[in-house]
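Asker: Predicted model and sequence follow; I will ask about them next.
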Amino acid sequence: MTAPRHFIDLWKLDGATLRLILEDAKARKTARKGWPQGRVDADAPAKDRVLSMIFQKNSTRTRFSFDAAMRQLGGDAIISTASDMQLGRGETIEDTAKVLSRMVDAVMIRANVHADVERFAQVSTVPVINGLTDKSHPCQIMADLLTIEEHRGDVGGKTIAWVGDGNNVCSSFIHAAPLLGFKLKIACPAVYHADLHDLARAAGLNGDVTMSEDPKEAVRGADVVVADTWVSMGDTDHDERLKAFEPYQVDDALMDLAKPDGVFLHCLPAHRGEEVTDAVLDGPRSLVWDEAENRIHAQKSVLAWCFGAIG
Ligand code: CP
Ligand code: NVA
């Protein structure tokens, strides 16, 4: 039996695979322009396939976009919160993986602990997709890259500024940077820095990824400015974070330092008035609603790749 195609972290894949997924997403999105959301793509690459989704944390976009994605691919989805499963009463991850492998064709997991997704994948005989962990959020970055390329062309050679917490979403940007050849400038408080292993790996791949504490320096001349919440799910130091991140709010003055056609991204949910102002989020430079929609399009192609329908 061939090994399942897991989608757990972008750094485990190569640039050609990411490019293949992005181009498939663009083609699928174009082909269904004007269609109702429930109509199935002409090639129905997930026909007869079922995706199971397990959530240990809240979700709006990931949950709805994967469900919609499976319907548009001609397949079906089963959604559960981990606390409703025996997983929530102590059944092991490995036993759960063995059982679900007999019942569904792929599993998407949103987990508290990244290593749990890795453990699941080690045993699973069907593809496992990371729907966000404490360490990374690869599906989000595929949607972000799709959004950037739709509006500004090839991300290769572009400069992306990450402003705020060096968190899970930031890590997936670091993973993608050397694979697709964009420059990533991270600005974060020293105490909330990006993952040093991720930075070292990117450097080893000749990635152009830098980190400083200065948001102005990061944003100056950038093509894309990205923010995320200052307090991620699972973070317990709320008050300390709000204080440390105060100088990192993305407002119009900061956006004015980016390129004249610079755009703003945010994975959402946004905390208006904290990491981003209403004026930026709702303003002409914001692409956040396209970005949210693109979760569906990007993930359809991730799923098609996992099912072996592309590549
Ligand atoms: N961006 C994102 O993953 O959103 P949800 O938490 O709503 O899934
Ligand atoms: N960094 C955020 C992203 C939410 C989609 C979190 O992990 O809560």
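Answerer: Nice, thanks for sending it over. Note that the structure is predicted; figures quoted are calculated from it, not measured. Ligands and ions are numbered 1, 2, ... in the order given.
Asker: Where does pLDDT dip in the stretch 201-311 of the chain?
Answerer: By pLDDT under 70, the stretch 201-311 of the chain contains no weakly predicted segment.
Asker: Residues of it that sit close to ligand 1?
Answerer: Counting by Cβ under 6 Å from any ligand atom, the stretch 201-311 of the chain comes close to ligand 1 at C267, L268. In this view, the C-beta of every residue, glycine as well, is placed from N, C-alpha and C.
Asker: how about the helices of the stretch 201-311 of the chain, start to end?
Answerer: Applying DSSP state H, counting those that start in this stretch to the stretch 201-311 of the chain gives helices spanning 215-219, 238-244, 252-255, 278-281, 288-306.
Asker: Packing partners of the third one?
Answerer: Packing partners of helix 252-255 (3 or more Cβ pairs under 8 Å, 6 or more residues apart in numbering; DSSP states H and E): helix 215-219, helix 278-281.
Asker: Adding distance to A304 and mean neighbour count, write those out as TSV.
Answerer: What follows is the helices and strands packed on helix 252-255, written out as TSV (distance: least, Cβ to Cβ, whole Å; neighbours: other Cβ atoms under 10 Å):
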stretch	distance to A304	mean neighbour count
helix 215-219	35	21
helix 278-281	31	17
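Asker: Of all those, which one is nearest T62?
Answerer: helix 278-281 (19.8 Å; Cβ to Cβ).
Asker: just checking, what packs against that closest one?
Answerer: Using 3+ Cβ pairs under 8 Å, 6+ apart, helix 278-281 sits against helix 252-255, strand 263-266.
Asker: Let's see it as PDB, backbone CA atoms only.
Answerer: Taking C-alpha atoms only, helix 278-281 is exported to PDB below (Å, rounded to 0.1, in the frame of the first residue of the first chain):
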ATOM      1  CA  ASP A 278     -11.500  49.000  11.600                       C
ATOM      2  CA  ALA A 279     -10.300  51.500   9.000                       C
ATOM      3  CA  VAL A 280      -7.600  49.000   7.700                       C
ATOM      4  CA  LEU A 281      -9.800  45.900   8.000                       C
END
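Asker: So for G88, what pLDDT did the model give?
Answerer: With respect to pLDDT, G88 scores 89.
Asker: most neighbours per residue, which of the helices and strands packed on helix 278-281?
Answerer: Looking across the helices and strands packed on helix 278-281 with neighbours counted as mean count of other Cβ atoms under 10 Å, the highest average goes to strand 263-266: a mean of 24.
Asker: when you scan that one, is anything in it near ligand 2?
Answerer: No - taking Cβ under 6 Å from any ligand atom as the criterion, strand 263-266 and ligand 2 are apart, separated by no less than 9.6 Å.
Asker: what's the burial count for D165?
Answerer: 26 (other Cβ atoms under 10 Å).
Asker: so which of the helices of the stretch 201-311 of the chain gets nearest A16?
Answerer: A16 lies closest to helix 288-306 among the helices of the stretch 201-311 of the chain, at 11.5 Å (Cβ to Cβ).
Asker: ok now that closest one, how far from the chain's centre?
Answerer: Centre-to-centre, helix 288-306 and its host chain are 9 Å apart (Cα atoms, centre = their mean, to the nearest Å).
Asker: same thing with stretch 29-37?
Answerer: 22 Å.
Asker: Check stretch 252-268 too.
Answerer: 19 Å.
Asker: ok so, going back, rebuild the helices and strands packed on helix 252-255 as TSV, extending it with distance to I296.
Answerer: Formatted as TSV, the helices and strands packed on helix 252-255 follow (distance: least, Cβ to Cβ, whole Å):
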stretch	distance to I296
helix 215-219	29
helix 278-281	21
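Asker: Quick one: closest of the ones you listed to ligand 2.
Answerer: Evaluated with Cβ to the nearest ligand atom, the helices and strands packed on helix 252-255 place helix 278-281 nearest to ligand 2, the distance being 15.0 Å.
Asker: Contact partners for A106?
Answerer: R49, V50, L51, S52, V126, P127, V128, I129, L303, C306, F307 (Cβ atoms under 8 Å, 6 or more residues apart in numbering).
Asker: How many neighbouring residues does the fifth one have?
Answerer: Right, the one you point to is V126. 23.
Asker: And S83, by the same measure?
Answerer: When neighbours are counted by other Cβ under 10 Å, S83 comes out with 10.
Asker: Right, I'll leave it there.
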